[in-house]
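> Predicted structure and sequence below. I'll ask about it afterward.
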Amino acid sequence: MFSNRKIVLVIVLLVTVSIAAYVLLVVIPSQIAEKSYNGAKQIGHDIREAFRVTPEITVNKTIILQQQTPILELATLTQKFQHQYEWTNTTLKSTKKIKITGTFDAKAGFDLNKKFSIRIEENKAYVTLPRPQLLSIESLNDVKFEDENGYWNWINENDRSAAMNAFTRDARDYASQADFVQQAQRTMEQKLKEILTLHGKEVVFEYAETIRVEPR
């Protein structure tokens with residue numbers, strides 16, 4: 001039979017094991033989870049400070065922050081460029097021309113109607129973004145026209161309007177094929193890496209084509 005002293009030691013041992021198990025199985029995981037969730041919230045705060053948007057952030061398949069998008073588009077690059085275009089029209093072998101030059105302001109970035117999210121798994125952050133795109137181009141106030149009338153095919157106001165529309169379309173085509181969109185992507189990735197690296201995360205970028213934010 002056990003002596004009273006042995007019984008006390010067994011009880012103490014059982015209590016110690018129970019406390020250790022509670023700490024290992026409940027307290028420590030809870031503290032780790034709380035730290036992870038607080039870290040995710042801080043990441044959301046830092047991204048909101050940088051871009052004025054908050055991505056959806058998940059930790060261990062639990063959504064910590066919902067996506068918040070007060071603006072519909074996020075321009076990470078604004079680029080001015082000079083453009084030149086020649087509009088022509090020929091009637092009865094008589095050609096009239098309008099040469100147009102001017103400066104455009106192009107904005108490239110992200111359509112935030114589509115999903116922007118960060119999935120955190122241990123020390124990795126998987127960032128999902130919509131594909132970057134040309135958001136807009138705007139003609140500045142330095143447009144110049146050089147007119148050249150045909151022998152009997154003269155330039156009128158309708159021609160000038162048609163030429164200006166063609167000039168703008170051609171400028172958009174140029175901006176779409178230039179490096180503006182790629183620069184916008186690099187800028188976004190660099191800034192997000194800076195933020196997430198400060199939180200000890202290795203960053204993996206994933207680009208989605210059609211995932212859209214559901215209206216609330």
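Looks like it arrived, so ask away.

> And the helix or strand containing Ala75, what does it pack against?
Ala75 belongs to strand 73-91 when elements are defined using DSSP states H and E. With contacts taken as 3 or more Cβ pairs under 8 Å, 6 or more residues apart in numbering; DSSP states H and E, strand 73-91 sits against strand 94-111, helix 157-177, helix 180-198. To be clear about C-beta, it is placed using only N, CA and C from the backbone, and glycine gets the same treatment.

> I'd like to know which of those lies nearest to Ile118.
Distance to Ile118, taken as Cβ to Cβ, is lowest for helix 180-198 among the helices and strands packed on strand 73-91, at 7.8 Å.

> got the contact list for that closest one?
Outside helix 180-198, the residues that touch it by Cβ atoms under 8 Å, 6 or more residues apart in numbering are 43, 46-47, 50-51, 74-77, 79, 106, 108-110, 118, 125, 127, 129, 132-134, 203, 205.

> The strand holding Ala75 vs helix 180-198, what angle?
Angle, strand 73-91 to helix 180-198, by axes from the mean of the first three to the mean of the last three Cα atoms, to 10 degrees: 170 degrees.

> Measure how strand 73-91 sits relative to helix 157-177, angle-wise.
Going by the same axes, to 10 degrees, strand 73-91 makes 140 degrees with helix 157-177.

> Show me what counts as buried in strand 73-91.
Leu74, Thr76, Leu77, Gln79, His83, Tyr85, Trp87 (16 or more other Cβ atoms under 10 Å).

> partner strands of that strand, parallel or antiparallel?
strand 94-111 (antiparallel) (DSSP bridges).

> Quick check: closest non-adjacent residue to the spatially most central residue of the chain.
With distances taken as Cα atoms, centre = their mean, the residue of the chain nearest its centroid is Phe110 (4.7 Å). Excluding its sequence neighbours, the residue lying closest to Phe110 (Cβ to Cβ, 6 or more residues apart in numbering) is Leu74, at 4.7 Å.

> Now for the closest residue to Arg131 other than its chain neighbours: which residues touch it?
Spatial nearest neighbour of Arg131, chain neighbours left out: Tyr207 (5.3 Å); criterion: Cβ to Cβ, 6+ apart. By Cβ under 8 Å, 6+ apart, the contact set of Tyr207 is Thr128, Leu129, Pro130, Arg131.

> likewise Phe110?
By Cβ under 8 Å, 6+ apart, Phe110 lies in contact with Glu73, Leu74, Thr76, Phe116, Leu129, Pro130, Pro132, Gln133, Ala184, Met188.
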